[in-house]
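Chemist: 3D, please:
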Amino acid sequence: MLKRQGVIDTWHDRRIGAGQEIDAAIDNHINSDEIILLLVSPDFIASDYCYNIEMARAMERHAAKEAIVIPVILRACDWHHAPFGKLLATPEDGKPVTLWPDRDVAFLQVAQAVRKAVERCRKDVPIPASQIARSATAIPQPPSPLPATSPRSSNLRIAKSFTQRDKDQFLLDTFEYIARYFENSLQELQARNPGYEGVYRRIDANRFSAVIYKDGRDVARGTVFTGGQLGAGIYYSQGDSLAGNSYNESLSVNADDQTLYLKTLGMSHFSGHDQKLSQEGAAEALWGIVITPLQRER
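Modeler: Residues are numbered from 1 along each chain as shown. Alright, predicted model coming up:
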């Protein structure tokens, strides 16, 4: 919508055309664009070029009030100690996009942050006299000395198809991801909350349990399992379910024309029904069933 309204014009290094000098193209934009998004992930931090050159220059211009830098936290990483760690990140509270049950909600917050930055930019950053005649609905951009790439459509998506093998593997990979997610979350909950203890137990290849104790008293107990008589799916059962097949929530694998995703049955109001969930979102949906009642305790 920002582009359709003419509020922004965008650039990224995938727009560098064949024969163009890569460093010069990037330098041209990093030294002139008014809003710079840092797409933060472990790969971003590990990249010497992104971290030491692009980010360093962006932060210099931010400090000089020549540009607005917005950290967009895509994936979980130790970003708070970086030079941009002092900036207010998006999505809200710096929660990584991949950890949101619905990624569209996360990216909406990113878009809203960009819109607010544009409003500040128009108010606070003086427009060079040479650009006063340019459209008031677009962010001023100095003309590029580099040749433009050939025009093309951005509508290049082709429908994909997924086999049953793809779906089965995705289900197994998701179960293992949820198992690690619960184990790590229980450890971190215990570390952050005195008096609480989180216990993870891997029962077998297809089942694990999670228990939370408060001052030695169990206050949450659940089991996650897959397979069995219930068929393909991942199931959550309140309490200990070591052999039975009863459950309080389930996840199934679905597909659209682009990707595999997970969907809850909607038996629990903590689980994000009707959303297309990533593996992270699915894990958070089940974890929410465990943790949300404790967060509501007085």
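
Chemist: show me the chain divided up by domain.
Modeler: Domain assignment for the chain by automatic domain parsing gives 13-131, 164-295.

Chemist: lowest average confidence across those domains, which one?
Modeler: The weakest mean pLDDT among the domains of the chain belongs to domain 13-131, with a mean of 82.

Chemist: mind checking how far that one is from the chain centre?
Modeler: Its chain's C-alpha centre and that of domain 13-131 lie 15 Å apart, by Cα atoms, centre = their mean, to the nearest Å.

Chemist: got it, and stretch 185-203?
Modeler: Here stretch 185-203 is found 24 Å from its chain centre; the criterion is Cα atoms, centre = their mean.

Chemist: pull up the distance across stretch 201-212, start to finish.
Modeler: Taking Cα to Cα, to the nearest Å, stretch 201-212 runs 12 Å from one end to the other.

Chemist: what of stretch 238-247?
Modeler: Its start and end residues considered, stretch 238-247 measures 7 Å (Cα to Cα).

Chemist: just to revisit the earlier point, a markdown table for the domains of the chain, including distance to Gln5 and mean neighbour count?
Modeler: Where C-beta positions appear, they are placed from N, C-alpha and C, glycine not excepted. Putting these into a markdown table (distance: least, Cβ to Cβ, whole Å; neighbours: other Cβ atoms under 10 Å) gives the following:
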| stretch | distance to Gln5 | mean neighbour count |
| --- | --- | --- |
| domain 13-131 | 9 | 15 |
| domain 164-295 | 26 | 17 |
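
Chemist: adding distance to Arg4, write the ones you listed out as JSON lines.
Modeler: Converted to JSON lines, these look like this (distance: least, Cβ to Cβ, whole Å):
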{"stretch": "domain 13-131", "distance to Arg4": "12"}
{"stretch": "domain 164-295", "distance to Arg4": "22"}
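
Chemist: how far away is the most centrally placed residue in the chain from Lys263?
Modeler: In the chain, the centroid-proximal residue (Cα atoms, centre = their mean) is Val97; its distance is 1.4 Å. As for Val97, its distance to Lys263 is 19 Å (criterion: Cβ to Cβ, to the nearest Å).

Chemist: same question for Ala46.
Modeler: Relative to Lys263, and taking Cβ to Cβ, Ala46 is found at 33 Å.

Chemist: same check, this time on Ser278
Modeler: According to Cβ to Cβ, Ser278 and Lys263 sit 11 Å apart.

Chemist: cool, and Trp79?
Modeler: When Trp79 is compared with Lys263 (using Cβ to Cβ), they lie 31 Å apart.

Chemist: Gln169 too?
Modeler: 18 Å.

Chemist: neighbours of Gly6, how many?
Modeler: 12 (other Cβ atoms under 10 Å).

Chemist: next, Asp257: secondary structure please.
Modeler: When classified by DSSP: H, G, I helix; E, B strand; the rest coil, Asp257 comes out as coil.

Chemist: am I right that it is in contact with Phe162?
Modeler: No - Asp257 lies out of contact with Phe162 (Cβ atoms under 8 Å); the separation is 9.8 Å.

Chemist: for the longest helix belonging to the chain, packing partners?
Modeler: For the chain, the helix that runs over the most residues, judged by DSSP state H, is helix 164-192. Counting contacts by 3 or more Cβ pairs under 8 Å, 6 or more residues apart in numbering; DSSP states H and E, helix 164-192 packs against strand 196-204, strand 207-214, strand 217-226, strand 234-238, strand 249-255, strand 260-264, helix 279-295.
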